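In: Curious how this folds, go ahead:
(one chain, ligands or ions: 1)
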Amino acid sequence: MPERKQSENELIASLKVFGSRISGPARAKAELPFIPLPESNKVFEITELLSQSPLTNDRVLYIHLPFCNQNCTFCGYYKEIHCGTGLIDKYIRKITGQLELLNSYPWFKEKPFHAIYFGGGSPASLSTSQLTFLMEAVHRFIPQNLNTELTVETTVNEVNQTLVNNLVQLGINRMSIGVQSFNTTLRQSVGRISDRQKVIESIQSVHSAGITNLCIDLIYNLPGQTIESWEDDLQILGELPVTGCSVYPLIPFPDSTLVRSGNFIQQTVEDAFKYFTMADDFLLSLTNWTPFTPVQYGHVTAGEPKYIKAQGQQSDLLALGPSAGGRINEYQYLSKYSLETCLSAGFNFLLNSSWSSVHKDYISFRHLFSLSEGAGILTDEILSIDQNFADLIVGLLNRKLIENIDNKYVMTSTGRFWAGNLSQLLTREICYLLNKY
Ligand code: SF4
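Out: Alright, predicted model coming up:
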């Protein structure tokens, strides 16, 4: 393990500023003054929005495949367990129908998408013919270029050579595997099926099939986890052919079995800092690895996560499927419907979602979140924004939460730990700017 760079003193100093740690982006940005669109106006406004040309080049697309064959105790994602093939077929046809429909709108078809992400559930629950049907429609209807990133996320248990070879043939160029921990006892205590050996073999088989951009995620604050098992997880990662890693604390979803059973114990901020710092120091000691976002690390070229980066920088995101949420310009939406509802005749994924909007100047300021989401902000840009913002930057520099590297303000390691709190400060600054202009 590399020598620790962050001191307890820095944690104590930050605690005095923030009080408690915000670890989820949703809570950090909750103060943005979005107002629900009235039902009477919704169809008209969304149709107008999609009829315009896209304003940015880094739009990304998310397709939710809400099917899973596991039931992890910490899971709070919308999913249907052990769904029949017939229902999955219907859903895939619905998705491809929506893509064809979207392809008639200028906003959708005029520029290539920067990244497409298939999440779940576990998209690997689909059969070969279902994946092929879906991917043919993806390539037919979604504008892409040679650099478009196509990511599939999967659980370890579903990885096999046939699946991965098939994904490569269908154009998938990045995979994200939900590892959580290599420790067999820990994995199985939260409902994961595979053991350490299967995890290692899965990673090696994805790599040997030709997926060179391969990310895994590791979670801290799992029940029963120790700092020694966490160190072990990191060491194993360092020996495997992965090019990226997401590291984050377990999210206590209120509907998860873990929280409902009363078995979730919130880590103290001091303990969270120990786990975070160990991972941050270790991952940045790997050759040419960088923090792309506060939770996503990877090799600077081979491990670039385009979708995740664009998400963090608040780029436009078109998200399709139950429980998915997206944003276009000054609008955002949440798809609150169930699988059953969205399969009904005439159902439209976007028009049947709940939409809200904020002042149209928001699109001039939303990129400021790049500071708390990892990309950083050019130092020259600060002065052109506002004195309040310049003062905020000076305060963050003085507290060593950000630093100036090559004329860019970026978070320090301690800043990454407090990234949710920094997002909240930026949210407040953006609210102030929206009121001012
Ligand atoms: S594999 Fe993913 S979607 Fe399925 S239960 Fe586990 S966390 Fe949830």
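
In: And the residue nearest the centre of this protein?
Out: Nearest to the geometric centre of the chain sits Ile308, at 5.1 Å (Cα atoms, centre = their mean).

In: Was I right to think it contacts Tyr297?
Out: No - counting by Cβ atoms under 8 Å, Tyr297 is not a contact partner of Ile308; they are 10.7 Å apart. (Each C-beta comes from the backbone N, C-alpha and C, glycine too.)

In: overlap in contacts of those two?
Out: Common neighbours of Ile308 and Tyr297 (criterion: Cβ atoms under 8 Å, 6 or more residues apart in numbering): Ser246.

In: For Gln197, what is the enclosing helix or strand?
Out: Element membership of Gln197 [criterion: DSSP states H and E] is helix 196-208.

In: Is any residue of that helix near the ligand?
Out: No - contact of helix 196-208 with the ligand (Cβ under 6 Å from any ligand atom) is absent, the minimum separation being 13.4 Å.

In: Equivalent analysis for stretch 56-68, please.
Out: Yes - against the ligand, stretch 56-68 shows contacts by Cβ under 6 Å from any ligand atom at Cys68.

In: just use 7 as the starting number from now, easier for me
Out: I'll keep to 7 as the first residue from here, and by that count the last item is stretch 62-74.

In: what about that stretch, how long is it end to end?
Out: 34 Å (Cα to Cα, to the nearest Å).

In: if I look at Thr190, how far off is Thr160?
Out: 19 Å (Cβ to Cβ, to the nearest Å).

In: let me fix that: Gly268
Out: Distance from Gly268 to Thr160, by Cβ to Cβ: 31 Å.

In: Can you pull up the residues of the stretch 57-206 of the chain that come close to the ligand?
Out: Going by Cβ under 6 Å from any ligand atom, the residues of the stretch 57-206 of the chain near the ligand are 74, 76-78, 81, 83, 85, 126-128, 161, 184.

In: run the last query once more with 5 Å
Out: With the criterion set to Cβ under 5 Å from any ligand atom, the stretch 57-206 of the chain comes near the ligand through 74, 76, 78, 81, 83, 85, 127, 161.

In: that's a helix at the fifth one, yeah?
Out: No - looking at Tyr83 with DSSP: H, G, I helix; E, B strand; the rest coil, it is coil, so not inside a helix.

In: From Val66, how far out is it?
Out: 19 Å.

In: Gly268 and Thr160 - which one has more neighbours?
Out: Thr160 (24 against 7; other Cβ atoms under 10 Å).

In: what sits against the more buried one?
Out: By Cβ under 8 Å, 6+ apart, the neighbours of Thr160 are 128-130, 169, 181-184.

In: So for the one helix or strand Glu106 maps to, what gets flagged as buried?
Out: Assigned by DSSP H and E, Glu106 belongs to helix 91-108. Under the neighbour-count criterion of 16 or more other Cβ atoms under 10 Å, helix 91-108 has 94, 97-98, 100-102, 104-105, 108 buried.

In: Who are the packing partners of that helix?
Out: The contact analysis (3 or more Cβ pairs under 8 Å, 6 or more residues apart in numbering; DSSP states H and E) places helix 91-108 against helix 134-147, strand 323-326, helix 345-348.

In: now do 6 Å
Out: In terms of contacts (3 or more Cβ pairs under 6 Å, 6 or more residues apart in numbering; DSSP states H and E), helix 91-108 is packed against helix 134-147.

In: Okay, angle between the helix it packs on and helix 91-108 too, please.
Out: 0 degrees (axes from the mean of the first three to the mean of the last three Cα atoms, to 10 degrees).

In: Report the beta-bridge partners for Leu324.
Out: Leu67 (DSSP bridges).

In: Max pairwise distance over the buried residues of helix 91-108: which two?
Out: Ile94 and Leu108 (21.1 Å; Cβ to Cβ).

In: Torsion angles phi and psi at Glu155?
Out: Main-chain dihedrals, Glu155, degrees, to the nearest 10: phi -90, psi 130.

In: Any idea how many residues pack against Leu345?
Out: Around Leu345 there are 21 residues (other Cβ under 10 Å).

In: Contacts only, for it.
Out: 72, 86, 328 (Cβ atoms under 6 Å, 6 or more residues apart in numbering).

In: right, and the first one touches Ile87 too?
Out: Spelled out, it's Pro72. No - the pair Pro72 / Ile87 is not scored as a contact, 9.9 Å apart, by Cβ atoms under 6 Å.

In: How far does stretch 389-404 sit from its chain's centre?
Out: Distance, stretch centre to chain centre, for stretch 389-404: 28 Å (Cα atoms, centre = their mean, to the nearest Å).

In: actually stretch 22-31, not the one I wrote
Out: So, by Cα atoms, centre = their mean, the centroid of stretch 22-31 is 20 Å from its chain's centroid.

In: for the residues of the stretch 57-206 of the chain next to the ligand, which one is nearest Ala34?
Out: Nearest to Ala34 among those, with distances taken as Cβ to Cβ, is Tyr83, at 20.0 Å.

In: Tell me the secondary structure at Cys437.
Out: helix.

In: dump the residue contacts of the closest residue to the ligand within the stretch 307-443 of the chain.
Out: As assessed by Cβ to the nearest ligand atom, the ligand sits closest to Ser329 within the stretch 307-443 of the chain, at 11.1 Å. Applying Cβ under 6 Å, 6+ apart to Ser329 gives the contacts Tyr84.

In: Let me know the secondary structure of it.
Out: Per three-state DSSP, Ser329 ends up coil.

In: quick one, strands of the stretch 157-306 of the chain?
Out: In the stretch 157-306 of the chain, the strands defined using DSSP state E, counting those that start in this stretch lie at 180-186, 219-226, 250-255, 295-297, 302-305.
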